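[1] task: produce atomic coordinates for the following.
(chains A and B)
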Amino acid sequence: MTNRLPRQPGEWIDRERPLRFRFEGEEYTGYTGDTLSSALAANGVRLLGRSFKYHRPRGIYSLANHDCNALMCDGHQTNIRADVTPLWEGADVKAVNTVGGLRRDRAQVIDRLGAFLPVGFYYKTFHTPRKLFPFYERQMRAMAGLGAINRNHPRVRTPKAYDFCDVLVVGAGPAGLAAAIAAAEQGAQVVLVDENPRPGGSLGYQWAEEPQAAGLLEGLLQQVAALPNLEPRLSTVAAGYYADHWIALVDARRLTKMRARTVVIASGCHEQPAVFGNNDLPGVMLASAAQRLMHRFAVKPFERALVLAANTDGYRAALQLHRCGVKVQAIVDLRPGGEESELGPQAAQENIPIHVGHAVTMAVPAAGKVGIRGAVVCLLDAEGKPRTDRGLQIDCDGIAMSVGWAAADGLLCQAGGRMAYSERLAQFVPKTLPPGLFAAGRVNGVFLLPDQIADGKRAGLQAAAYLAKYSGPIPPESCHDGPPPSHPYPIFPHPTEKSFVDLDEDVQYKDLVHSAQEGFDSAELMKRYSTYGMGPSQGKIANVNAIRILAKVKGQTVAETGTTTSRPFYHPVPLSHLAGRGFHPHRRTPLHSRHEAAGAEFMAAGEWLRPAYYAAAGKTREQAIQEEVQAVRQRAGLIDVGTLGKLEISGPDAAEFIERIYTGRFARMKIGTSRYGLMCDETGVIIDDGVVARLAEDRFYVTTTTTASGSVYREMQRWALLWGLDVVLVNATGSYAAMNLAGPRSRQILADLTGINLAEEGFPYLGVREGEILGIPARVLRVGFVGELGYEIHVPAHSAARVWDGLMQAGQFCQIRPFGVEAQRVLRLEKGHVIVGQDTDGLTTPREAHMEWAVKADKPFFVGQRSLAIQGAKESQRRLVGFVLPQGYAGPMPKECHLVIENGQITGRVTSICFSPTLGQVIGLAYVAPSQAAPGSAFQIRAEEGAMVTATVVEIPFYDPKNLRQTRTETAK
Amino acid sequence: MKLLDCPYVGVRPLQEFVFGGEVRNMPDPNTASDEEWANYVFNRSGEPGIRQEWWYHLPSGTWFIAERDTLKDEFLRTYLYSAQGKP
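    Numbers count the residues shown, from 1 in each chain, chains lettered A, B, ... in the order given. This is a model prediction of the structure:
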């Protein structure tokens, strides 16, 4: 480890625990606490990756989660961010985006073709000739993207966590620590998050050698430790802000959805680079990256450094480098006035040459561009332009840039905060913040250490006051005093060498100028055209310079130019953290275990699981369904219909209420009877149907379809409220089980189990009785969807299994069969019963669905009445009809949703179709044009692969059209 | 996710609520013209501003009115509906 420094006071590495790892096949050693990048830097490895477009050599740049050219892969994980990912024992990583290895990357030839790849090259080039597009696409797909995905990645479980706190503080630097302590001291439950594995932020590198900072971090951490209501969470990224202080916290294991009552953002700043020729090569880095290397990881960043400065921070960095044994060849200060603070003379005292009013115009590449061997420095003229006639070359192997900062304001903006450009700071600072959101520290434009602490404390107290946990005085906001920490335009493009603005996407200075000249001259347009800010770091170290360039091209101020919108996520979040188990609960009926025991194959019906059919040994699915159908038609079957919505409607106005809700007439219904109920919405579209049973003068029991039970109950509640009627609505869907005993033998089966008089005269079709079955209180409705003699039996859910078992046992003599949804669909289709939602859609009126018989238009009022009256006066576009295919038809089978075609035009579609075992032919329902709807007319269905099938319209029901099997005539036998 | 203050159960996450549309007065179906009726049934104003909206708290089965600034997407207050139409 050639570049490792002696022990540093706050270093993060554990020298007792070395780690062995491999990079690009070479073996190295690092320490626990290193990141991949820092361990490689300690080993003298500077070349860490290749850039996205030109495959240029790249190294450490920010060491702050923005080094998107130092992405690595290990065969499992894709695009590991080497600058922040902790090193692990046995790591075996490679750089992504190389062809044949990092050092000899064959794609680096693209760098020399740069002149032929102007901005927008792909848009302009790869569209003609059109027939070549598949070729272009293959090439582009091969070149685009970074790491390869491991398709055999093991399945990982990433459960989500939900959490709550009074105050969430984002950022554990000096301001964040002070804010968290201040709020916690007032009794608030505080959570403090930081993306780094250790707290302290800039105290640990930028301020690391300051006398005023000595002991400060330790003191703050002691205060934190002493507050039980302050919980620090490290290695945790606040990745997105959602409404009402809902923050996505991402750590290595999971996503935590944190609901805070108030939030303090102390996220600091991202240091910004300068733009000059070859400003991307390994060895050129942000000064803060060099400081992180030295103080966190005890790594010497360079041997001979040049510091490009435009603020006090640069001088501080130069002195830190000097103390770490780096030969600081020069400080190049962009400002004509140089450094005002005492750090200027201090640097001079250390014999560091200072070039005031100079700029670096290019870094001189070392052989193969894998590093630099010098820098060209020019005097700046009065307008700030480099004078190339007054240049000198300074020998160095690294350039540390300290030219300015940009607020890490992503969360603030997502929360609805507005940023404004401060000319004094040459930085965006918060202008207005939404209620309950506070900013502190550098993100708030506060740059000096004592001010940062004070500003943090102020924000912490404000948060406590917002929660009414503090009522004392709030200190005034700290205000930056002194020269600006950022240079307004640190951009000195080189005429021939590439000068990069965005390293993620290889966007150069000239690309942005050309974008603006081609008319993409707003920040959002220029971003999309040139792709600046669209790489993995989302422009955190590119946006500000890009906007400055745009402003300059347009002759505007930065404030006038504006910035792009910040959206969640602020940092990339692994998809595995977002994916996870689906939380779609299925409801099971109380009879579920009986279905399982009988071999049911289940299907989803709305939120419920229902038996589709009961598998029988040696039988196919179709055979099993057919046998279930035959059992019901010939003997008896039992189906679980407990998923139906079951509502109790009672009160003096119950009848009036039902009269208004349903389209039919119910007011004069006799007690102990039931009727079919059809429900429309206000536009006259069918939304639900069911059975309305009258149990008493003021008490009704109604069923709804399985899927609509929730929404029907909800809308009924609202209508009751709006109409001010005296009714009580109870949703009894879950408290009752229901089963339908159907078939010619059903009366016989039920007779032994109940005292209810089942005789035809005593309990006719559509009758309703309350009584007992096997001693269990039951409501029995003589209705049925399947068109046979049948009893719908409603019993309390907890007794359902006893009744089911009793019926199955009592039906043994006639081989009763449980039947599922599939058989029921066949049976009901034979009867021509419409399923709302399958045979109707979001526009179907009763007339179209052949259900005008269920609508009593002359009632005083019902929901949808007026709309139906208006529609009734007009011709409708379609009709639902029954159709058959010829006996013995063996051609292509149409399916639900296949289209009805006439003269090349779509006139309708099939809504239900099946083979009817009872009728021995294919039957179905379909929408057709009114002109095709007369019984006997033929129409064409386009089946799969365009096959045209001729169907014939018939009257429905297909089966038992006079309904003799359900009513007195046949069942009385 | 937003929070909403149900008049019965208090502040709950939006996930527990169902939006019920803007509060609108039904014209008298017996006297309204076809146009008036169609307008009531089909047309909704998208103009931003302060709106009275129906909201339903699903777990407790509560319909109530929320006053919302649709420009800022801020709930201003919530109250139970009364047949007189005023809180």
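[2] on the three-state scheme, the residue nearest to the spatial centre of chain B is what?
    In chain B, the C-alpha closest to the average C-alpha coordinate belongs to B:Glu53, at a distance of 1.7 Å (CA atoms, centre = their mean). What DSSP: H, G, I helix; E, B strand; the rest coil gives for B:Glu53 is strand.
[3] which residues sit in contact with it?
    B:Phe19, B:Gly20, B:Gly21, B:Glu22, B:Val23, B:Ile65, B:Ala66, B:Glu67, B:Arg68 (CB atoms under 8 Å, 6 or more residues apart in numbering or on different chains). Every C-beta, even on glycine, is put in place using the N, C-alpha and C of the backbone.
[4] thought A:Gly837 was touching A:Ser711?
    No. With contact defined as CB atoms under 8 Å, A:Gly837 and A:Ser711 do not form a contacting pair (11.3 Å).
[5] compare those two (neighbour count), which wins?
    Set A:Gly837 next to A:Ser711 and count neighbours by other CB atoms under 10 Å in any protein chain shown: A:Gly837 wins out with 18 against 15.
[6] and the gap between that one and chain B?
    19 Å (CB to the nearest CB, to the nearest Å).
[7] strands of the stretch 151-300 of chain A, start to end?
    A:161-170, A:190-193, A:230-233, A:237-242, A:246-250, A:255-265, A:269-271, A:284-286 (DSSP state E, counting those that start in this stretch).
[8] now those strands as CSV including mean neighbour count, distance to A:Cys897 and mean pLDDT?
    Formatted as CSV, those follow (neighbours: other CB atoms under 10 Å in any protein chain shown; distance: least, CB to CB, whole Å; pLDDT from 0 to 100):
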stretch, mean neighbour count, distance to A:Cys897, mean pLDDT
strand A:161-170, 22, 40, 97
strand A:190-193, 27, 50, 98
strand A:230-233, 18, 51, 98
strand A:237-242, 22, 38, 96
strand A:246-250, 22, 39, 96
strand A:255-265, 23, 38, 97
strand A:269-271, 25, 53, 96
strand A:284-286, 27, 59, 98
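[9] need those strands in JSON lines with distance to chain B, can you?
    Formatted as JSON lines, those follow (distance: least, CB to the nearest CB, whole Å):
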{"stretch": "strand A:161-170", "distance to chain B": "10"}
{"stretch": "strand A:190-193", "distance to chain B": "18"}
{"stretch": "strand A:230-233", "distance to chain B": "21"}
{"stretch": "strand A:237-242", "distance to chain B": "6"}
{"stretch": "strand A:246-250", "distance to chain B": "5"}
{"stretch": "strand A:255-265", "distance to chain B": "8"}
{"stretch": "strand A:269-271", "distance to chain B": "28"}
{"stretch": "strand A:284-286", "distance to chain B": "37"}
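[10] out of those strands, which is closest to A:Val632?
    With CB to CB as the measure, strand A:161-170 is the member of the strands of the stretch 151-300 of chain A nearest A:Val632 (48.0 Å).
[11] show me what the closest one is packed up against.
    Here strand A:161-170 touches helix A:174-185, strand A:190-193, strand A:246-250, strand A:255-265, helix A:449-466, going by 3 or more CB pairs under 8 Å, 6 or more residues apart in numbering or on different chains; DSSP states H and E.
[12] of these, which is nearest A:Thr561?
    Judging the helices and strands packed on strand A:161-170 by CB to CB, what sits closest to A:Thr561 is strand A:255-265, at 24.0 Å.
[13] what is that closest one packed up against?
    strand A:161-170, helix A:174-185, strand A:246-250, helix A:410-414, strand A:437-439, helix A:449-466.
[14] mind putting the strands of the stretch 151-300 of chain A into JSON lines with distance to A:Ser530?
    Shown next, in JSON lines, are the strands of the stretch 151-300 of chain A (distance: least, CB to CB, whole Å):
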{"stretch": "strand A:161-170", "distance to A:Ser530": "31"}
{"stretch": "strand A:190-193", "distance to A:Ser530": "34"}
{"stretch": "strand A:230-233", "distance to A:Ser530": "37"}
{"stretch": "strand A:237-242", "distance to A:Ser530": "26"}
{"stretch": "strand A:246-250", "distance to A:Ser530": "29"}
{"stretch": "strand A:255-265", "distance to A:Ser530": "29"}
{"stretch": "strand A:269-271", "distance to A:Ser530": "20"}
{"stretch": "strand A:284-286", "distance to A:Ser530": "21"}
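[15] who wins for proximity to A:Arg878 among those?
    So among the strands of the stretch 151-300 of chain A, strand A:237-242 is nearest, using CB to CB, at 44.1 Å.
[16] got phi/psi on A:Val544?
    phi -60, psi -50 (degrees, to the nearest 10).
[17] for it, which non-adjacent residue is closest in space?
    A:Ala406 (4.5 Å; CB to CB, 6 or more residues apart in numbering or on different chains).
[18] how near is that neighbour to A:Arg610?
    58 Å (CB to CB, to the nearest Å).
[19] same deal with A:Pro490?
    A:Pro490 is 68 Å from A:Arg610, by CB to CB.
[20] do A:Val403 as well
    68 Å.
[21] so where's the chain uncertain?
    All of this refers to chain A. A:1, A:968-973 (pLDDT under 70).
[22] sorry, I should have been clearer: chain B.
    Ranges of chain B meeting pLDDT under 70: B:83-87.
[23] which bits of it sit near chain A?
    B:1-3, B:13-14, B:18, B:20, B:29, B:32, B:34, B:37-38, B:40-42, B:54, B:56, B:61, B:63, B:73, B:81, B:83 (CB under 8 Å from any CB of the partner chain).
[24] restricted to strands, list these.
    In strands, defined here by DSSP state E, the members of these are B:Leu3, B:Pro13, B:Val18, B:Gly20, B:Trp54, B:Tyr56, B:Trp63.
[25] returning to that earlier point: wait, which of the strands of the stretch 151-300 of chain A is closest to A:Ile331?
    Using CB to CB, the strands of the stretch 151-300 of chain A put strand A:284-286 closest to A:Ile331, at 15.5 Å.
[26] picking that back up, name the nearest of the ones in strands among the residues of chain B next to chain A relative to A:Phe121.
    B:Pro13 (47.2 Å).
[27] picking up where we left off before, now for the residue nearest to A:Val544, how many residues are close by?
    By other CB under 10 Å, neighbour count at A:Ala406 equals 24.
[28] surely it and A:Ser267 touch.
    No. The criterion here is CB under 8 Å, and A:Ala406 misses it with A:Ser267 at 11.3 Å.
[29] tell me which of the helices and strands packed on strand A:161-170 sits nearest to A:Ile956.
    strand A:255-265 (52.0 Å).
[30] mind saving the C-alpha coords of that closest one as CSV?
    Listed next in CSV are the C-alpha coordinates belonging to strand A:255-265 (Å, rounded to 0.1, in the frame of the first residue of the first chain):
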residue,chain,number,x,y,z
LEU,A,255,-36.4,0.7,2.3
THR,A,256,-37.8,2.4,5.3
LYS,A,257,-40.9,4.6,4.8
MET,A,258,-40.3,7.3,7.5
ARG,A,259,-43.2,9.5,8.4
ALA,A,260,-41.8,12.5,10.2
ARG,A,261,-43.8,15.3,11.7
THR,A,262,-41.1,17.8,10.7
VAL,A,263,-37.9,17.6,8.8
VAL,A,264,-34.5,19.4,9.0
ILE,A,265,-32.5,19.2,5.9
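[31] quick one: it to strand A:161-170, angle?
    20 degrees (axes from the mean of the first three to the mean of the last three CA atoms, to 10 degrees).
[32] which residues in chain B form helices?
    B:34-42 (DSSP state H).
[33] count of neighbours near the residue in the stretch 1-150 of chain A positioned nearest to chain B?
    In the stretch 1-150 of chain A, the residue that lies nearest chain B is A:Asn65 (26.7 Å; CB to the nearest CB). Number of residues near A:Asn65 (other CB under 10 Å) recorded here: 19.
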